[in-house]
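> Sharing a sequence plus its predicted fold:
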Amino acid sequence: MLARRGFAAEILETDVNPLVYGELRIPGASRTILWYAHYDGQPFDPKLWKQESAFKPILRDGRMEDGAKELPNFASLKTYPSGARVYARSASDDKAPIIALLAAIDALRASGQQPKSNVRLILDGEEEASSRGLISSLPKYKDKYRADIMLALDGPLHSSGRPTLAFGGRGIATLELTVFGPKFALHSGHFGNWVPNPAMDLIQLIASMKDDTGRAVIEGFYDDVPPLTAEEKRILASVPDDPKELMQFFGISRTDKVGGSLQEALQYPSLNVRGLRSAYIGSEARTVIPESATASIDIRLIKETDPDRMIRRVLDHIRKQGFYIVDKEPDDAIRAKYPRIVRVTSGSGGATFAGTKAYRTEMNHPASLEITNVIQRTWNEMPVRIRTVGGTVPMAPFAETFGFPIISVPVVNFDNNQHSENENLRLENL
């Protein structure tokens, strides 16, 4: 795809998965734009997809949840109904923006024009797995990554559907907590009320981390958050969120009380339980006291919150609840000595904690103002300007290494089921 459009394209080897890189030099250009996108996607459960395979795209004439029907042989269609959507893993996150960028270059050339800036493009193959290869490649390929500005093609448009710019993204740190009970599952009738249940211990531990308004009560959790200025509050308030509409769309009747609005909530770190597992449920349920219970937790970070410091705060809180922390299965001596034991790992298969830092380009930066004006002039309306989006992309190492501004230019529809089942792309967003 890149070579056909005149890019000098190559594979960049890394310590893990390789990267795809392309460069399009424009005669006389005095500026270079580095574009970022990723071509990998989240894991999926085939049983939860309403089609033969998540990797075999289908087209529906609208949103599946609204009763849209599949359109057979869609590749042979010359036109598509308004609202049609492609359903496939990675359709929106993040293959569609790659196609959108190349289509834009095609459209320029079809109109007798060309980009005014040199174009450099990185396609990441493991963004959903912390982009280890990309981050480790910075020293090796520093000259290829040099630019005046970095534009990230990731994330959805605002729910209003208006053109959107995002000037920062949350970081992430992950933890996996496994609370131990008996060495093997026990009959709940014979030993209930006597042998402690690790699932109950885990539930109580997690419940101790937040109050009933959704605010984290872990000591120091919000200490690094600077107060918003009056101008920042004004810009956040200008984002046209509709809380009632969102709540109806999500099927909820209350919200957490961290910040005065959704946009203000995104300016704070968050603590989320992303998965729970213990013993069996449904038709497989057994009357046992399980041997363990596990919770997977993510901490979403803002620019001012360091991942290591946030993890230490969570670990300190766990200890204050009376738990002894281990990094592997406890032996008999540990079990005999400590009444409450929890294994804490990174949540990514290891005991070494790591996190992806957040980043933010200030909205009054000259590059921010320039791209805002370009979008406004092109679409004849002011774009929705989001100070920090909830998603995590590996931009902070680029900001730290090169110092250039980084801005996200979303393409895909808001309701694309990103990271979930039945991911989709509204074709009109291309």
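That came through fine.
> hey, let's count contacts and neighbours off CA atoms from now on
Noted.
> Chain neighbours aside, what residue packs nearest to Ser30?
Ser117 (6.7 Å; CA to CA, 6 or more residues apart in numbering).
> Do a quick rundown of the helices in the protein.
With DSSP state H as the definition, the chain shows helices at residue ranges 96-110, 132-136, 142-145, 188-191, 198-207, 230-238, 243-250, 262-265, 307-320, 332-337, 366-379, 396-402.
> contacting residues around the helix or strand of the chain with the lowest mean pLDDT?
Comparing helices and strands within the chain by mean pLDDT, DSSP states H and E singles out strand 355-356 as the least confident, with a mean of 83. Taking CA atoms under 8 Å, 6 or more residues apart in numbering as the criterion, the residues outside strand 355-356 that touch it are Ser130, Gly171, Ile172, Ala173, Thr174, Pro307, Asp308, Thr392, Pro394, Ala396.
> switch the cut-off to 7 Å
The set of residues external to strand 355-356 that reach it, using CA atoms under 7 Å, 6 or more residues apart in numbering, is Ser130, Gly171, Ile172, Ala173, Pro307, Pro394.
> swap in stretch 10-18?
For stretch 10-18, the surrounding residues in contact (CA under 7 Å, 6+ apart) are Leu19, Val20, Tyr21, Gly22, Gly125, Gly133, Ser137.
> now that stretch: mean pLDDT?
For stretch 10-18, the mean per-residue pLDDT is 93.
> Tell me how many other residues surround Thr361.
By other CA atoms under 10 Å, 20 other residues sit near Thr361.
> let me redo that: Leu369
Residues contacting Leu369 under the criterion other CA under 10 Å number 12.
> Same question for Thr392.
Other residues within reach of Thr392, judged by other CA under 10 Å, total 23.
> Tell me how far it lies from Ala293.
The gap separating Thr392 from Ala293 is 28 Å, by CA to CA, to the nearest Å.
> Also Ser76?
Plainly put, Ser76 is 50 Å away from Ala293 if you go by CA to CA.
> the more surrounded of these two?
For the pair Ser76 and Ala293, the greater number of neighbours falls to Ala293 (22 against 7), based on other CA under 10 Å.
> Now do the closest residue in space to that one that isn't next to it in sequence, the pLDDT please.
By the measure of CA to CA, 6+ apart, the closest residue to Ala293 outside its immediate chain neighbours is Ser278, 4.5 Å from it. Predicted confidence (pLDDT) at Ser278: the value is 97.
> which residues sit in contact with Ser278?
Contact analysis of Ser278 by CA under 7 Å, 6+ apart lists Ala199, Pro290, Ser292, Ala293, Thr294.
> how does it look with 10 Å?
By CA atoms under 10 Å, 6 or more residues apart in numbering, the residues touching Ser278 are Thr178, Val179, Pro198, Ala199, Leu202, Ile289, Pro290, Glu291, Ser292, Ala293, Thr294, Ala295.
> Just give me the neighbour total for the first one.
Think Thr178. If you count neighbours by other CA under 10 Å, Thr178 ends up with 27.
> cool, and the one 4 residues further on?
Residues within reach of Pro182, counting by other CA under 10 Å, total 15.
> Also Arg319?
Going by other CA under 10 Å, the residues that sit close to Arg319 add up to 14.
> okay, and for the protein, where does confidence drop off?
347-354 (pLDDT under 70).
> 50 instead?
Where the chain drops to pLDDT under 50, the residues are 349-352.
> What residue in it is the furthest from its centre?
Largest separation from the mean C-alpha position in the chain: His190, at 45.0 Å (CA atoms, centre = their mean).
> how much space is there between it and Val273?
Relative to Val273, His190 is positioned 32 Å away (criterion: CA to CA).
> what separates Ala37 from Val179, distance-wise?
Summarising the geometry, the distance separating Ala37 from Val179, computed by CA to CA, is 38 Å.
> out of the two, which sits in the busier spot?
More neighbours surround Val179 than the other of Ala37 and Val179, with 27 against 23 (other CA under 10 Å).
> contacting residues for the nearest residue to that one once chain neighbours are set aside?
With sequence-adjacent residues excluded and distances taken as CA to CA, 6+ apart, Val179 is closest to Val342, at 4.3 Å. Applying CA under 10 Å, 6+ apart to Val342 gives the contacts 176-181, 198, 201-202, 292-294, 318-319, 323-330.
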